[in-house]
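**Student:** Coordinates for the following, if possible.
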Amino acid sequence: MIFRILATVALLVLIAGSLLLGRQTRDAETPAQTKRPAEELGYGARDAQLIETGTDGRPRYTLNAKLIEQHPKDDSVQLNVVHMIVDDIDGNRWTIDAQRGDILHSGDNIDLSGDVHVSGVLPGTDQPADISSDRLSFDTRTDVVSTQDPVTFVWASRQIHSVGIVASLKDSHVRLESGVHAIFHP
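**Tutor:** Residues are numbered from 1 along each chain as shown. The predicted structure follows:
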C-alpha cells in the first residue's frame, strides 16, 4: 500500500516537474520582442507604396515596402523589404533594393541595409551597372547613393571593388573612395 502511495506521489512530482521544465524551456526559446511598444508607433502600413513628386508633378522616386512603421519619438520611419524606382533626368530608370531601410528626420536620407543593390543603365552607354553593398545611404534630394562600407561596382564586364562609393544617379558620376580593386573581362 505504501508502495502505491509513493509511486503515485513520485509520478505526480515527475509530471509537475515536466510541466514546469517545459514552460521554462518555451519561455527561454521565445525570443524577446524586438519591436517597440505599440504606444510609441505612429502610422504603419503593409505592402505600401510612397511616391514623391517634383515641382513638375512627375514622380521623383517611388518607394515600395512590405512593411512601414513610423516612430514619432525619434522621428524615424522603418522599412522592411524595400524596392525603389528612381528616374534620372534623361529618363533612365534606376532600381534600389534592400532588406531594410530607415527614413530619418526630414526624409532627405534613406539609410538602406541588408543586401543593397542599385541597378540601372549609365547614360551614353547601353551597359547596365550594378552597385552592391551591405549598407548604402540614398539622398532623396540629390539622387546620390553613398557608403563608407565595402562595395562592388559592376559595369560593362568590369567588376570593381572598393571601400566607399559616392554615385550620382542624376548625372551618372561615380567616385570610388579607397582600396580600389578591379577585374576586367574581355
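
**Student:** Partner strands of the one helix or strand Thr147 maps to, with direction?
**Tutor:** Here Thr147, judged by DSSP states H and E, is contained in strand 144-155. When pairing is defined by DSSP bridges, strand 144-155 lines up against strand 128-139 (antiparallel), strand 158-168 (antiparallel).

**Student:** need the least confident one among those strands, by mean pLDDT.
**Tutor:** Least confidently modelled of the strands paired with strand 144-155 is strand 158-168, at a mean of 89 by mean pLDDT.

**Student:** for that one, which positions count as buried?
**Tutor:** Across strand 158-168, burial judged by 16 or more other Cβ atoms under 10 Å covers Ile160, Ser162, Val163, Gly164, Ile165, Val166, Ala167, Ser168. For glycine as for every other residue, the C-beta is placed from the backbone atoms N, C-alpha and C.

**Student:** what's the average pLDDT for the following helix or strand past that strand?
**Tutor:** For strand 158-168, the following helix or strand on the C-terminal side (DSSP H and E) is strand 173-184. Across strand 173-184, pLDDT averages out at 79.

**Student:** Use 368 as the first number for this chain going forward.
**Tutor:** Right, with 368 as the first residue, what we last looked at is strand 540-551.

**Student:** tilt between strand 540-551 and strand 495-506?
**Tutor:** For strand 540-551 against strand 495-506, the angle by axes from the mean of the first three to the mean of the last three Cα atoms, to 10 degrees is 140 degrees.

**Student:** counting contacts, what elements does strand 540-551 pack onto?
**Tutor:** Under the contact definition 3 or more Cβ pairs under 8 Å, 6 or more residues apart in numbering; DSSP states H and E, strand 540-551 sits against strand 511-522, strand 525-535.

**Student:** which residues are contacting that strand?
**Tutor:** 515, 517-518, 520, 524-535 (Cβ atoms under 8 Å, 6 or more residues apart in numbering).

**Student:** In that strand, which residues are buried?
**Tutor:** Here strand 540-551 shows Val541, Leu543 as buried, counting by 16+ other Cβ under 10 Å.

**Student:** so where do the strands sit in this protein?
**Tutor:** For the chain, the strands defined by DSSP state E cover 411-420, 426-438, 443-454, 460-471, 476-488, 495-506, 511-522, 525-535, 540-551.

**Student:** Distance to Val547 for the helices and strands packed on strand 540-551 - can I get that in CSV?
**Tutor:** Below are the helices and strands packed on strand 540-551 laid out as CSV (distance: least, Cβ to Cβ, whole Å):
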stretch, distance to Val547
strand 511-522, 9
strand 525-535, 5
